[in-house]
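[1] Okay, structure incoming, though there's no sequence with it:
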C-alpha cells in the first residue's frame, strides 16, 4: 500500500528543481501582474479621470515610488526563464520577436514619459508624453494578455523546438479577448489603487469609474473563461483545479464590486488583485507540466523537463535565489510602507 501512496504524492508535490523553478517563475509573473497591473491601470486612468495637469501629475506621483521597482519582477522572471528553461526562452523570444520588441519599446517609452513630462512647461510637450503614458499603459497589458493566451491555445512548435507562427496564430478572437480582459482588469485595478492614494474629487472619480467598469469586466472575463473551456485543453488537463480557480475568481470579482459600492477601496483593491493572481496562476496550473503547447501535437510540447537547464545550473540558481530573494522582497515591502499615505493637492510636484 505504501508504494501507490508515495507515487500519488510524487504527482502532486513538485520534487525536481525544474518543477520548482517553474513554480518560482509562475510566482514572479503573478507578482508582476498584481503590482505592475495597477501601474498600468493608473497610467491609463491619467487619460480617463484626470481633468487637469495637476491631477495627471498627482496620479503619476501615486505610482512614482513603485513603478520601476514593480518592473523588476518582469526582469527577474525573464532572467529566471532564460537560466532555468533556455529552450522555452529561445522558442518564445524567437517566435514572438515583433510583439516582444513592441513590449520593450512601450516599457522604455512609458518610463521615459514618467520622467520627462515635467521637465518643460509647454503644453504640447506635456501632452505628447501624456499620450505616450496612456497608449503604452494600455498596450502593454494587452500584449501580455495575448501572449499568455497563445501559450494555452497552442502554437506551431516543431520537433526542433522551433516556433514558426503566422499572424493568425498569435492574433485571433481568443487571444484578442484575452488581451482585452487583462487590459480592462488592470484598468480597474489601477483605478482602485488611485482611489487609495488620492483624496477629494479625484478619489471619488476613480471609484465611480471603477464601479461603472465592473459589469463590462465581468462579462469579458466570463466570455474568456468560456472560450478557454472550448478552445484549449487546460480544463481537460486540470479540470477540478481550474474549476476551483474559476469559482474563486468569480467570488473575488463579486466581492470587489460589493466593496466598491461600499467605498471600501482597500478591500476592493485586494479583491481585484486576487482576480489577477487567480487568472495568471490558472494559466500556469493549466499548462503544467508544459510551458508551451504545440498545435502539432502533444509530442512537440515544451515541458518543464525537455526545456530545462542541467541539474547543476538549477542547483546553483536555487542557492543564489534563496540568498538574495529575502533582501529584494524586504526592500520592496519597506518602500510600500514608507510611501503608504495618500497624496493631496500639495503633492503635485514630480519625484
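    Sure thing, it's come through. Computed from a predicted model, the values in this text were never measured in an experiment. Numbers count the residues shown, from 1 in each chain.
[2] all helices of the stretch 251-351 of the chain, in order?
    265-287, 311-338 (DSSP state H, counting those that start in this stretch).
[3] Go through the ones you listed and find the least confident stretch.
    Least confidently modelled of these is helix 311-338, at a mean of 74 by mean pLDDT.
[4] Now do that one: which elements does it pack against?
    In terms of contacts (3 or more C-beta pairs under 8 Å, 6 or more residues apart in numbering; DSSP states H and E), helix 311-338 is packed against helix 17-45, helix 67-84. In short, each C-beta sits where N, CA and C put it, glycine included.
[5] want to throw those helices into CSV with mean pLDDT?
    Shown next, in CSV, are those (pLDDT from 0 to 100):
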stretch, mean pLDDT
helix 17-45, 90
helix 67-84, 83
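[6] Could you dump those into JSON lines and include mean neighbour count and distance to residue 233?
    JSON lines is the format used below for the helices and strands packed on helix 311-338 (neighbours: other C-beta atoms under 10 Å; distance: least, C-beta to C-beta, whole Å):
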{"stretch": "helix 17-45", "mean neighbour count": "23", "distance to residue 233": "18"}
{"stretch": "helix 67-84", "mean neighbour count": "18", "distance to residue 233": "23"}
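[7] Residue 203: which of the ones you listed is closest?
    Closest approach to residue 203 among the helices and strands packed on helix 311-338 (C-beta to C-beta): helix 17-45, 11.8 Å.
[8] following the closest one, which helix or strand comes up?
    Downstream of helix 17-45, the first helix or strand assigned by DSSP states H and E is helix 53-63.
[9] of the helices and strands packed on helix 311-338, which approaches residue 260 most closely?
    Of those, nearest to residue 260 by C-beta to C-beta is helix 17-45, at 13.9 Å.
[10] Report all helices and strands that that closest one contacts.
    Against helix 17-45 (3+ C-beta pairs under 8 Å, 6+ apart) you get helix 53-63, helix 67-84, helix 123-153, helix 173-197, helix 265-287, helix 311-338.
[11] Which one of those lies nearest to residue 99?
    Closest of the helices and strands packed on helix 17-45 to residue 99 is helix 123-153, at 5.5 Å (criterion: C-beta to C-beta).
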